[in-house]
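Enquirer: structure for this input, please:
(chains A and B)
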2 protein chains.
Amino acid sequence: MTRYAAPVRDMRFALYDVLDLDAQVARLGIDAGRDTVEAVLEEAARFANQVLAPLNQAGDEQGCRYDPATGTVTAPDGFKAAYQRFVEDGWNLLTVPTELGGQGLPLAVDALFKEMLDAANLAWSTYPLLSHGAIEALRHQGEDWQKQAFLAPIVEGRWTGTMCLTEPHCGTDLGLLKTRAEPQADGSYAVTGTKIFISAGEHDFTENIVHLVLARLPDAPPGVKGISLFVVPKFKVARDGSMGERNGVRCGAIEHKMGLKGSATCVMNFDGAQGYLVGQPHRGLQGMFIMMNSARLGVGVQGLGLMERATQNALAYARERLQMRALSGPRLPEKPADPIIVHPDVRRMLLTNKALAEGGRLLAAHAFAQLDEQERGADEAARADGEALVGFLTPIVKGCLTEWAVECTYNAVQIYGGHGYIREHGIEQLARDARITTLYEGTTQIQANDLVGRKLLQLRGAGLKLFLGEIERFCAANAGDPALAEFVAPLAEKAAEWGALTQEIAGRAATDPEEIGAAAVDYLFYSGYVALAYWWARAVAALAKGSQPQAFRDAKRETARFYFARILPRTLTHAAAIRSGAATLMALEAEAFGE
Amino acid sequence: MTRYAAPVRDMRFALYDVLDLDAQVARLGIDAGRDTVEAVLEEAARFANQVLAPLNQAGDEQGCRYDPATGTVTAPDGFKAAYQRFVEDGWNLLTVPTELGGQGLPLAVDALFKEMLDAANLAWSTYPLLSHGAIEALRHQGEDWQKQAFLAPIVEGRWTGTMCLTEPHCGTDLGLLKTRAEPQADGSYAVTGTKIFISAGEHDFTENIVHLVLARLPDAPPGVKGISLFVVPKFKVARDGSMGERNGVRCGAIEHKMGLKGSATCVMNFDGAQGYLVGQPHRGLQGMFIMMNSARLGVGVQGLGLMERATQNALAYARERLQMRALSGPRLPEKPADPIIVHPDVRRMLLTNKALAEGGRLLAAHAFAQLDEQERGADEAARADGEALVGFLTPIVKGCLTEWAVECTYNAVQIYGGHGYIREHGIEQLARDARITTLYEGTTQIQANDLVGRKLLQLRGAGLKLFLGEIERFCAANAGDPALAEFVAPLAEKAAEWGALTQEIAGRAATDPEEIGAAAVDYLFYSGYVALAYWWARAVAALAKGSQPQAFRDAKRETARFYFARILPRTLTHAAAIRSGAATLMALEAEAFGE
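Expert: Predicted coordinates:
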């Protein structure tokens, strides 16, 4: 079984030493002092380590069970009890706004809280995850009675929420969706259609499940401008909030998947199910985007959690496993062989994981922190900046952290060698679980197109400008610091190239829109690596505060050096690929690929 | 279910247009004309497509079954019958030397034959694979009676062979192995110990199984210089070849793995089992290296097979799946959306797979062809060159083709989107199966250390010099060809840098041996990408022969352009990493990694 201990010390370092959460909390008037947050992190670590982590491997082995006779789904043993404990302990309320009865903690804390849950048990964590999106959608778009009837029980954890977008013939391309909603005399709608890949679409945790469903009204225009959002509960709910009979929605099957087996991925059949319109007719995508952005950041954090868990285990194994001698001579001559951590390439893999996970933690927490700026900023300009920045960072967080999760779990398996391929050790499960994260909530390709097509070109790069501005200010402020020179100089150079590459892409895209797609994924990675260089430089700068022990400071500084020497040069390849343009991608006719 | 059609046309192109197999066959006096080889490829394709491929997904679902009461293993349904068919049709004899009763076809053909089997059904293909190594070891090191008693039935396919190296506490580091062999009065040995991860260690295909086992004699010096090789059959075999009673070797368990579930990965318990010494005492590693090199090339080809199958399916899906419109406007306005192959990044992934698979095919077939040079070269110098070249290319073939198999199956899953994660479609199986190939028969790290530590430094780079010589001659001969200029110029530049990087590593390693391990994996990839640039340039040059249809020639040329524009720049990152040296890898103490 793989071990997991939530990295609370590094989380505190990220929030307070690097991101200066104290200042943000004070500025935005969030009622959450450092003592409270640190106590929450410690308690959450205990919950993750003691309640969720032990269920992870057994959940993978057992999987979910579907009963075709009743259409019910039973989650792996212990999952339901863990959910009940989650709600009893109030974890569901942690970052729910205080006006809804939640604790209203800063969202940077939410990122790290979620990281713990995901690392401990990703499959389990998919059940409460979707409630967050449902809360956001109903909170911003729901009518008052809907907030009473649907939002309150979800906030309380008595019910959970889902997002029902995908249909068999359309995932990315929601404009093609066919599920329809017929208006009824009582003001409700009869929703009919089939949705697939619905996470937590059916389970045994709660007495009701609230589906947020995209469907078309009879008078809907075709495409994405004819999609409306509906709330459709598993058991009917009257306007006074009372629960009634079973609604016409049923789980028709669950998918058998490569991994994430403890998470129920459902086919949901809606057969004239009673639902209510949320928000304006034909404007459903807007409500869904609220959920989707939150979910995308959440999936990025899933990647982060898996990176951390994979790394912890690979490190422990590399210290224990004795095999071969160090090339420069025995380190432990009294033992039959040296631990494999002496070998340079094992170190390369461990340092890669450490650099991506710890740097990724800063990237994610900072992006989540912008959600608070967007919501609580002092004035409209501040809120707009927060929105632009988080919009820009979301595809980077989602795209890069999930791809890095694939890489880090790959490295962990590689460090275990043949033992990594055996189910018993649990490492291969992390690799299988990680593999979904680059696919759901928009593939890496979709994130990349969102970054280049929408966030840079349509929105004129407002988010990039803000982020580059941050980097430039940091570089200027620290240009004279000899302890930082080895980081600041290459960072400044890469930041300048980042801006230049963006201009080049924009220029080419003006005459050939295919250039957007041709550059997108390489640009996504390029952005992620430069962003991480910034965060590693910031981490080293934060060490000067001196609040960390020497060993921690040494490890941070050396990992930063490794990052700049061995990981940041990946930008060379990505820049060359971007600059090669669309021509070599578009030359072949579709038929000729098979030649 | 995933489809597979063996790429016979590209294989013919590789063997005859690019590698000029006709000339090699004539030079080495191999009795195998082009007509024979092409007929064999066609027939083998039918066998792979019709007999093996249909069993692939069911084999994964069903897996192997182990009966603890009898210690027997039952392979998935249909596997045994397919093996019988394989032997009845004489496929086991294809590349066995004629003096042993085989067909003695050139080994470049063997590479592509194995590719077909592996692509069609990797798990099934592991059963006959190990026989090849046993044949080589017995043929070169066995006494005459051992050849009669053991080799003949393996050649005939009546028995199969295994390689028993790994023990629970040692995989890479064979010097640690504990299995012991006690001499008996009758000249046999009693072998006792536990071996793990033994592919095809037990199965129901044949009446006997012949284990080639590494063990220590009582007077063995410690470490790798005290290891001897033994032949230990499942049923005892007398010196006259007659089969006797059950021997003291028994399968104690099979592993539950991430993939390759149709292949039995066995724990083998030897309890005073009767065995015979093969070759000289304490020189067992030599015999095993014969098997291991053959097996390593074979695993590289496994990667190639999975790359091809993944690519075929991803391509078919990309042409069928309608989702979104092309960025430059609808391609199929009459349909609800365009096929996803219109999107630049889908093309990027498909072209990456195509470039790596088709280039990798040339790399592998050329390496296998050197085995014939090594064995049948006109004089000692020619044979030594063959040995040096195949020795140099083996870690590149094994290391790169398996890593590219991970990449290509990753890309295939990505193109399928969420559907790629569902077991039903069979694509995720290819990714799980591919994951073992970078681990067994020596991890990528072991291949890289073999390449840099042994093939470059210990053997003074004889293989590299030969290969660079080939590249230089090609570049010189084609320097004036305007149709090749776009490939020859960057190839010549990279080849020169390859030589320079090698010198740099050798220079640094002279004072710090850790520099070998620090450079190894990046150097392995760097080598693979430059080698592939050479093969793609050679492929384009071969088009001038004009024997291929125009569409094929266009596709080759555009794929080569893509390779040079988008894949070869990966060498930028690898070169930068190599040049960064060992310092950033070795700075942290082992204890500090967790800080």
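
Enquirer: and residue A:270, what helix or strand is that in?
Expert: Assigning secondary structure by DSSP states H and E places residue A:270 in strand A:265-278.

Enquirer: tell me the buried residues in that strand?
Expert: For strand A:265-278, the buried set under the neighbour-count rule, 16 or more other Cβ atoms under 10 Å in any protein chain shown, comprises A:265-270, A:273-278. Every C-beta, even on glycine, is put in place using the N, C-alpha and C of the backbone.

Enquirer: quick one: the helices in the stretch 251-400 of chain A, in order.
Expert: With DSSP state H, counting those that start in this stretch, the ranges of helices along the stretch 251-400 of chain A come out as A:284-320, A:344-376, A:380-416.

Enquirer: closest residue of the stretch 151-300 of chain A to chain B?
Expert: residue A:258 (3.9 Å; Cβ to the nearest Cβ).

Enquirer: closest one of the buried residues of strand A:265-278 to residue A:544?
Expert: Using Cβ to Cβ, residue A:265 is the member of those that lies nearest residue A:544, at 47.2 Å.

Enquirer: quick check: the residue sitting furthest away from the middle of chain A vs residue B:86, distance?
Expert: Distance from the C-alpha centroid of chain A peaks at residue A:334, with 45.7 Å (Cα atoms, centre = their mean). Using Cβ to Cβ, to the nearest Å, residue A:334 is found at 51 Å from residue B:86.

Enquirer: cool, residue A:516 as well?
Expert: According to Cβ to Cβ, residue A:516 and residue B:86 sit 50 Å apart.

Enquirer: try residue A:11
Expert: Distance, residue A:11 to residue B:86, by Cβ to Cβ: 57 Å.

Enquirer: same check, this time on residue A:462
Expert: 63 Å.

Enquirer: if you count surrounding residues, which of those two has more?
Expert: Set residue A:462 next to residue B:86 and count neighbours by other Cβ atoms under 10 Å in any protein chain shown: residue B:86 wins out with 21 against 17.

Enquirer: so what's the residue of the stretch 151-300 of chain A closest to chain B up against?
Expert: Neighbouring residues of residue A:258 by Cβ atoms under 8 Å, 6 or more residues apart in numbering or on different chains: A:432, A:435-436, B:421-423, B:428, B:431-432.

Enquirer: so which of these sit within helices?
Expert: Using DSSP state H, the members of the contacts of residue A:258 that fall in helices are A:432, B:428, B:431-432.

Enquirer: closest one of the residues you listed to residue B:455?
Expert: Closest approach between these and residue B:455, by Cβ to Cβ: residue B:431, at 30.1 Å.

Enquirer: so which residues on the stretch 351-500 of chain A come close to chain B?
Expert: The stretch 351-500 of chain A comes close to chain B at residues A:351, A:354, A:406, A:410, A:413-414, A:417-418, A:420-424, A:428, A:431-432, A:435-436, A:438-440, A:443-445, A:448-449, A:453, as judged by Cβ under 8 Å from any Cβ of the partner chain.

Enquirer: and those, which of them are buried?
Expert: A:351, A:354, A:406, A:410, A:413-414, A:417-418, A:420-423, A:428, A:431-432, A:435-436, A:438-440, A:443-445, A:448-449, A:453.

Enquirer: mind jotting down where the helices sit in the stretch 451-595 of chain A?
Expert: A:462-478, A:485-511, A:514-543, A:550-562, A:570-579, A:583-586.

Enquirer: most tightly surrounded among these?
Expert: helix A:514-543 (a mean of 25; mean count of other Cβ atoms under 10 Å in any protein chain shown).

Enquirer: a markdown table for the buried residues of strand A:265-278, including distance to residue B:293?
Expert: As requested, the buried residues of strand A:265-278 are exported to a markdown table (distance: Cβ to Cβ, whole Å):
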| residue | distance to residue B:293 |
| --- | --- |
| A:265 | 44 |
| A:266 | 50 |
| A:267 | 50 |
| A:268 | 54 |
| A:269 | 56 |
| A:270 | 60 |
| A:273 | 63 |
| A:274 | 68 |
| A:275 | 65 |
| A:276 | 69 |
| A:277 | 68 |
| A:278 | 65 |
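
Enquirer: tell me which of those is nearest to residue B:142?
Expert: residue A:265 (54.2 Å).

Enquirer: now do the contacts for the closest one.
Expert: By Cβ under 8 Å, 6+ apart, residue A:265 lies in contact with A:197-199, A:201, A:254-255, A:257.
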